[in-house]
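Undergrad: here is a sequence together with a model predicted from it:
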Amino acid sequence: MIFRLPSARLATAASALWCLTLPAAADPDPGAYLAARHAMVNGDYGTAAAHYRHTLLADPTNTELMEKALTAYLGTGEIEAAAELARAFHGAGEDSQLANIALMAQAAGAADWAAIFDMLEAGHQVGPLMDGLAQAWAHVGMGKPDRAMMSFDEVIDTPGLRPFGQHHKALALTLLGDFAAADAIYSLPAAEGVPPSRATLVSHARVLAELGAFERAQSLLTRAFGEASDPEITAVQAALAAQEIPALPRSVTSPAQGIAYGFVGLADVLQGEADESYLLLYAQAARHIAPQDADAQIATAQLLTALEQYDAAARTFAKVATDDPAFHSAELGRAEALRLAGRVDQAIEVLTQLTRSHPQVPLSHVSLGDAFREQGRFEDAAEAYTRAIAGYGDDSPILWWLHYTRGIAYERIGDWPRAEADFRAALARKPDSPSVLNYLGYSLVDRGLSEHYDEALAMIEAAAAARPDNGAIVDSLAWVYFTLGRYQEAVEPMERAAELEPNDPILSDHLGDVYWMVGRTVEARFQWRRALSFDPEEAEAERIRRKLEIGLDAVYAAEGVTPAPAVEVANDI
């Protein structure tokens, strides 16, 4: 088990800490306590910390409050306050993983290696992985490399922890200058050594560069990443090509940073197994220990984003230095946090600046294009996608998607020739894409291009077969039948589409039209009224009201539209 809470009173997840009942001790302001609990449930540690600070002033010896406040302080990165509270908590005869995380983070941040040994010898444990790694890195900090290697080996020999122990041992050997020994670990088979990952491969490349094996290092990264457009990998490959030692965002340059790296790795490996609110505590510990470390900042910001604390996430992403190789990734994260916070203009500004500072990175242009498209700025989106397409190699797997999204942008600004060309280019690269098949097929029919009706119907039927539970695609199939005058055939898929997307005003409106054309006028009016209840756009709402007033036939006549004549369905008996 990678993490545990030694006290029998504590649950194994952070959520349990805020689900406890109101403390027995009298609290003159129960509203503050309840507000703190509510904030904790929502992952808003900043608000929770402020309220718990207030409640502790009224009841400073309440250990249940201490425990909750510890969680809040850790969640906001207030490690010094958390450590002070942890000592009071221990002084009251209590123990918890939360208190021990705070104390370990404070000691590591201050390079107080003796304090780490003291807390572990007193039985104040974080968990098998972090306890073992902290001891090993503390030995490195105290200038005892032999003892450090023995401690790393103890982690390696612990069931389930071998990969972590091997990687950290290699990082320590690299820090100590024993590059040959580090290479030997990275070169072991994955089952014995370190499974390949982005971080371990880049660290191995750095070790090989230190040994002068630049070609081997280049080959290692090329096999793993190909001709990467990622700025971090590109920077490493460029340094290797120039036979220079690459500057790595993920290199461990001190024993404290090694412990921080352990906390970040623990948060990463527990993704999907523990709640993000709990993993944030590990990331904040790492951030306190190594505030200049991009990994710690990005990991914290990503968890804040997952917890919908978007403003805090954006501020944290912004702490990555502009000259750090991870800056590009951090700015993409900051833009996404700003977008989710509803500050789309600021997100676009961040992405615009990123395309200027990293014009050679096509992902910057992709993200900017996506932001423009979401805002309805389709001309700007098309320009951004064009720059992105030019930046990728012809064999890049993302090109089909970029042609598709640029095609949407062109279609929305009325440039159909370019839109169709992009949709067909996307299909040439990914011929079975339901999204592209549906969009192109529907557009061909919607534009009245009768010479393409058979092709369009085949496209949409293929899309519907691939995505039978997608309401929009099933609606497209029904609407093509409707456009072709195959009204009876349109009924079943249109009903299914409305069931799949029961609150969509367009689908209810379409279903009403289908019912009208097959003579089910009462049901048609019911569906049109239903569509109005879902608050469609005003132009659509006005058209629906006219259909309710005078009927679909009269609306078509007023619009100068001649619906397709009904096609009889063959009745095989």
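TA: Yes, it's here.
Undergrad: show me the strands in the stretch 101-250 of the chain, by range?
TA: Counting by DSSP state E, counting those that start in this stretch, one finds no strands in the stretch 101-250 of the chain.
Undergrad: again with the stretch 451-573 of the chain
TA: Under DSSP E, counting those that start in this stretch, the stretch 451-573 of the chain gives no strands.
Undergrad: low-confidence ranges in it?
TA: 569-573 (pLDDT under 70).
Undergrad: can you give me the helices for it?
TA: 453-466, 471-483, 487-500, 505-517, 521-533, 538-550, 552-559 (DSSP state H, counting those that start in this stretch).
Undergrad: list of residues touching the third one?
TA: If you take Cβ atoms under 8 Å, 6 or more residues apart in numbering as the criterion, helix 487-500 is touched by 464, 469-472, 474-475, 477-479, 481-482, 504, 507-508, 510-511, 514-515, 517-518, 527, 566-567, 569. Using the backbone N, CA and C atoms, a C-beta is placed for each residue, glycine as well.
Undergrad: one more time with 7 Å
TA: With Cβ atoms under 7 Å, 6 or more residues apart in numbering as the test, helix 487-500 has contacts from 469, 471, 474-475, 477-478, 481-482, 507-508, 510-511, 514, 517-518, 566, 569.
Undergrad: quick check: which element contains the closest residue in space to His51 that isn't next to it in sequence?
TA: Spatial nearest neighbour of His51, excluding adjacent residues (Cβ to Cβ, 6 or more residues apart in numbering): Ala36 at 3.5 Å. Assessed by DSSP states H and E, Ala36 sits inside helix 30-41.
Undergrad: now do that helix, average pLDDT.
TA: Helix 30-41 shows a mean pLDDT of 79.
Undergrad: check stretch 138-155 too.
TA: On average, stretch 138-155 scores 97.
Undergrad: give me the buried subset of the contacts of helix 487-500.
TA: Restricting these to buried positions leaves 471, 474-475, 477-478, 481-482, 507-508, 510-511, 514, 517, with burial counted as 16 or more other Cβ atoms under 10 Å.
Undergrad: what about the nearest residue to Tyr45 once chain neighbours are set aside, how many residues nearby?
TA: Spatial nearest neighbour of Tyr45, chain neighbours left out: Gly75 (2.9 Å); criterion: Cβ to Cβ, 6+ apart. Per other Cβ atoms under 10 Å, the neighbour tally for Gly75 reads 29.
Undergrad: I figured Gly75 was touching Thr47, is that so?
TA: No: counting by Cβ atoms under 7 Å, Gly75 does not reach Thr47; the two are 10.4 Å apart.
Undergrad: how about low-confidence regions in this protein?
TA: 1-29, 227-229, 249-250, 569-573.
Undergrad: give me that answer again for 50
TA: 1-28, 572-573 (pLDDT under 50).
Undergrad: out of the helices of the stretch 451-573 of the chain, flag the one nearest Arg162.
TA: Comparison of the helices of the stretch 451-573 of the chain against Arg162 by Cβ to Cβ identifies helix 453-466 as nearest, at 42.0 Å.
Undergrad: dump the closest one to CSV, keeping only the CA atoms.
TA: Taking C-alpha atoms only, helix 453-466 is exported to CSV below (Å, rounded to 0.1, in the frame of the first residue of the first chain):
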residue,chain,number,x,y,z
TYR,A,453,-26.9,13.1,-52.1
ASP,A,454,-26.1,9.4,-52.5
GLU,A,455,-22.6,9.9,-51.3
ALA,A,456,-23.8,12.0,-48.4
LEU,A,457,-26.3,9.5,-47.3
ALA,A,458,-23.7,6.7,-47.4
MET,A,459,-21.4,8.9,-45.2
ILE,A,460,-24.0,9.6,-42.6
GLU,A,461,-25.2,6.0,-42.5
ALA,A,462,-21.6,4.9,-41.9
ALA,A,463,-21.3,7.6,-39.1
ALA,A,464,-24.6,6.5,-37.5
ALA,A,465,-23.5,2.8,-37.6
ALA,A,466,-20.3,3.7,-35.9
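Undergrad: what does that helix contact?
TA: 432, 434, 437-438, 440-442, 444-445, 473-474, 476-477, 480, 484.
Undergrad: let's go with 6 Å and repeat that
TA: 434, 437-438, 441, 444-445, 473-474, 476-477, 480 (Cβ atoms under 6 Å, 6 or more residues apart in numbering).
Undergrad: ok, now stretch 280-291?
TA: In contact with stretch 280-291 (Cβ under 6 Å, 6+ apart) are residues 74-75, 77, 79, 101, 105, 108-109, 256-257, 259-260, 263-264, 266-267, 296, 299-300, 303.
Undergrad: one more pass at 7 Å, please.
TA: Outside stretch 280-291, the residues that reach it (Cβ under 7 Å, 6+ apart) are 14, 74-75, 77, 79, 101, 105, 108-109, 256-257, 259-260, 263-264, 266-267, 296-297, 299-300, 303-304, 307.
Undergrad: please list only the buried members of these.
TA: If we count by 16+ other Cβ under 10 Å, those have these buried: 14, 74-75, 77, 79, 101, 105, 108-109, 256-257, 259-260, 263-264, 266-267, 296-297, 299-300, 303-304, 307.
Undergrad: tally of neighbours for Val445?
TA: Neighbour number of Val445 under other Cβ under 10 Å is 24.
Undergrad: the helix or strand hosting it vs helix 471-483, what angle?
TA: Using DSSP H and E, Val445 maps to helix 434-446. Between helix 434-446 and helix 471-483, the angle comes out at 30 degrees (axes from the mean of the first three to the mean of the last three Cα atoms, to 10 degrees).
Undergrad: may I have helix 434-446 as PDB, with CA atoms only?
TA: Taking Å, rounded to 0.1, in the frame of the first residue of the first chain, the C-alpha atoms of helix 434-446 are listed here in PDB:
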ATOM      1  CA  PRO A 434     -17.800   9.500 -37.700                       C
ATOM      2  CA  SER A 435     -17.400  13.200 -36.900                       C
ATOM      3  CA  VAL A 436     -16.000  14.000 -40.400                       C
ATOM      4  CA  LEU A 437     -18.400  11.700 -42.200                       C
ATOM      5  CA  ASN A 438     -21.300  13.200 -40.400                       C
ATOM      6  CA  TYR A 439     -20.300  16.900 -40.900                       C
ATOM      7  CA  LEU A 440     -19.400  16.500 -44.500                       C
ATOM      8  CA  GLY A 441     -22.400  14.400 -45.400                       C
ATOM      9  CA  TYR A 442     -24.900  16.700 -43.600                       C
ATOM     10  CA  SER A 443     -23.300  19.800 -45.200                       C
ATOM     11  CA  LEU A 444     -23.600  18.300 -48.700                       C
ATOM     12  CA  VAL A 445     -27.300  17.700 -48.200                       C
ATOM     13  CA  ASP A 446     -28.000  20.900 -46.300                       C
END
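Undergrad: what are the buried residues along it?
TA: So for helix 434-446, counting by 16+ other Cβ under 10 Å, buried means 434-445.
Undergrad: cool, stretch 36-44 as well?
TA: Here stretch 36-44 shows 36-37, 39-40, 43-44 as buried, counting by 16+ other Cβ under 10 Å.
Undergrad: got it, and stretch 462-475?
TA: Buried, per 16+ other Cβ under 10 Å, within stretch 462-475: 462-464, 467, 470-475.
Undergrad: okay, those residues in a markdown table with distance to Gln375 next?
TA: Below are these laid out as a markdown table (distance: Cβ to Cβ, whole Å):
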| residue | distance to Gln375 |
| --- | --- |
| Ala462 | 32 |
| Ala463 | 27 |
| Ala464 | 30 |
| Arg467 | 27 |
| Asn470 | 25 |
| Gly471 | 25 |
| Ala472 | 21 |
| Ile473 | 25 |
| Val474 | 28 |
| Asp475 | 25 |
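Undergrad: quick check: the farthest pair among the residues you listed?
TA: Ala462 and Gly471 (17.1 Å).
Undergrad: got the phi and psi for Leu307?
TA: Per-residue torsions, Leu307: phi -90, psi 10 (degrees, to the nearest 10).
Undergrad: that one and Gly342, how far apart?
TA: According to Cβ to Cβ, to the nearest Å, Leu307 stands 17 Å off from Gly342.
Undergrad: just Pro505 next, same as before
TA: Applying Cβ to Cβ, the value for Pro505 to Gly342 is 24 Å.
Undergrad: quick one, which of these two is more surrounded?
TA: Pro505 (20 against 10).
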